[in-house]
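In: Show me how the following folds:
(one chain, ligands or ions: 1)
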Amino acid sequence: MKIARHLLISNIFDFAGIVGGLAIGLLVWNSFIVGGALALLGMGLSHLVFVILLPARCPNCNGHTSYRRGKRPHRYECRKCYHVETAKLSTNWGG
Ligand SMILES: [Zn+2]
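Out: Numbering: from 1, shown residues only. Next comes the predicted model:
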């Protein structure tokens, strides 16, 4: 998967994980604390899935890149050739 698309989809999943976790915590346990914990869990899960199971493809060597989370801009580093690609996303929400 291309890096731009990977970033977009992983951001959507992060958002869904956070909102979904919070909603479940509030609806089921009626608690912001549980909701917050589930939101973190959802974010962690989506991060795990997109880093380990669905890595983006390196534009340089076509190998798998690891997703380096953090401050904008997002960076992807290739595990094979160590090429670092900076990914930009126009939307303002999510990671
Ligand atoms: Zn590479």
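
In: so how far is the worst-scoring helix or strand of the chain on mean pLDDT from its chain's centroid?
Out: Averaged element by element with mean pLDDT, DSSP states H and E, the chain has its least confident helix or strand at strand 65-68 (a mean of 77). In terms of C-alpha atoms, centre = their mean, to the nearest Å, the centre of strand 65-68 is set 10 Å apart from its chain centre.

In: What is the helix or strand following it packed up against?
Out: Downstream of strand 65-68, the next assigned helix or strand under DSSP states H and E is strand 74-78. Applying 3 or more C-beta pairs under 8 Å, 6 or more residues apart in numbering; DSSP states H and E, we find strand 74-78 packed against helix 3-28, strand 65-68, strand 84-87. Every C-beta, even on glycine, is put in place using the N, C-alpha and C of the backbone.

In: and the longest one, what does it pack onto?
Out: Right, helix 3-28. Checked by 3+ C-beta pairs under 8 Å, 6+ apart, helix 3-28 has helix 32-48, strand 65-68, strand 74-78, strand 84-87 packed alongside it.
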